[in-house]
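In: Need coordinates for the below:
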Amino acid sequence: MARILIVEDTEELLELVADFFRSKGTFDVDTAPDGNKAIRLISENDYDIAILDIMLPGANGFEVCKALRGKSNCPIVFLTALGNESNILKGYEIGADEYMVKPFSLKVLYAKCLALLNRTDTELRKEIVLECGDIRVFPLRMEVEAGGRKVTLAPKEYFLLKVLVENKGIVLGRDRLLDLVWGVGFDGSDRVVDSHIKKLRKSLGDSGDAIRTVIGGGYKIV
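Out: Residues are numbered from 1 along each chain as shown. Predicted coordinates:
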């Protein structure tokens with residue numbers, strides 16, 4: 001039985017979705033009415049799939065997504081009233097597999113979740129590798145190789161490298177990197193990006209030269 005996390009702050013809707021999924025006999029369902037509880041559940045449990053609202057008390061859905069992506073490659077579905085293009089693009093950029101806008105069909109939501117689980121089960125049998133030069137990132141294992149050697153990175157350095165490689169050749173500004181790696185709720189200085197880039201280059205050794213500084217623009221990997 002697959003384990004699903006459903007995060008929704010409207011009590012009636014949370015119960016409706018959870019009861020529907022339980023009735024199918026396919027899912028073991030955990031629920032959270034706010035982002036902070038969701039992040040706690042993620043730290044304590046492993047999930048096969050998650051359904052997240054965005055506008056939540058405590059941590060928002062984007063932050064919950066980041067927390068889940070930091071631990072797992074399981075499918076993530078955003079289910080939200082926020083249907084504008086910028087939020088949809090943001091959802092996909094930080095790791096969502098599907099984005100549904102309320103109002104919605106329970107049957108369609110369930111069908112999408114089943115399809116994502118089936119696809120993921122197939123993909124997990126494959127070796128997924130992101131490459132740039134002699135840098136190789138293995139997202140399913142959260143491992144990195146550079147110059148033929150395994151490189152141990154701190155979590156933020158790993159996700160920073162992963163974002164850069166996923167956007168190979170594209171200049172990403174500090175604000176964009178903050179959103180993608182640290183989350184939209186981060187309120188520190190954008191100079192934290194510079195310090196982590198410095199550490200990342202050092203960890204990668206000679207391969208770190210692939211990370212280029214673009215004056216007035218940000219960073220890219222080539």
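
In: Contacts for the helix-or-strand element of the chain with minimal mean pLDDT next, please.
Out: The least trusted helix or strand in the chain, going by mean pLDDT, DSSP states H and E, turns out to be helix 106-123, with a mean of 84. For helix 106-123, the external contacting residues (Cβ atoms under 8 Å, 6 or more residues apart in numbering) are 2, 4, 16-17, 20-21, 24, 26-27, 48-49, 51, 73-75, 77, 79, 97-98, 100. Placement of C-beta: from N, CA and C, glycine included.

In: Please type out the PyMOL selection for whichever of those turn out to be buried.
Out: Selection of buried members from those for PyMOL, criterion 16 or more other Cβ atoms under 10 Å:
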select buried, resi 2+4+17+20+21+27+48+49+51+73+74+75+77+79+97+98+100
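
In: and the contacts of helix 106-123, which of them are in helices?
Out: Among the contacts of helix 106-123, the ones falling in helices (DSSP state H) are L16, V17, F20, F21.

In: Contact partners for the first one?
Out: Right, L16. Neighbouring residues of L16 by Cβ under 8 Å, 6+ apart: L106.

In: Can you give the domain ranges for this structure?
Out: The chain breaks down into these domains under automatic domain parsing: 2-123, 130-221.

In: what's in contact with stretch 38-45?
Out: Against stretch 38-45 from outside (Cβ under 8 Å, 6+ apart): 3, 5, 7, 30, 32, 52, 56, 59, 63-64, 67-68, 71-72.

In: do that again at 7 Å, thanks
Out: Stretch 38-45 is contacted from outside by L5, V7, D30, A32, A59, V64, A67, L68, K71, using Cβ atoms under 7 Å, 6 or more residues apart in numbering.

In: Take those and write them to TSV, including distance to E143.
Out: TSV is the format used below for the contacts of stretch 38-45 (distance: Cβ to Cβ, whole Å):
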residue	distance to E143
L5	25
V7	29
D30	28
A32	30
A59	27
V64	24
A67	20
L68	19
K71	15
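
In: Just flag the most distant two among those residues.
Out: Maximum pairwise distance among those (Cβ to Cβ): 16.3 Å, between D30 and A59.

In: Please read off the pLDDT at V184 from the model.
Out: V184 carries a pLDDT value of 69.

In: Over to Y92?
Out: Note on Y92: pLDDT of 91.

In: Check K150 too.
Out: pLDDT for K150: 93.

In: After the host helix or strand of it, which helix or strand is next? Please name it.
Out: If you go by DSSP states H and E, K150 is part of strand 149-151. Going down the chain from strand 149-151, the next helix or strand is helix 155-166, by DSSP H and E.

In: Surely G173 and K220 touch.
Out: No. Using Cβ atoms under 7 Å, G173 is not in contact with K220, being 10.3 Å away.

In: returning to what we had before: now, the contacts of stretch 38-45 that are in helices?
Out: Members of those lying in helices (criterion: DSSP H): V64, A67, L68.
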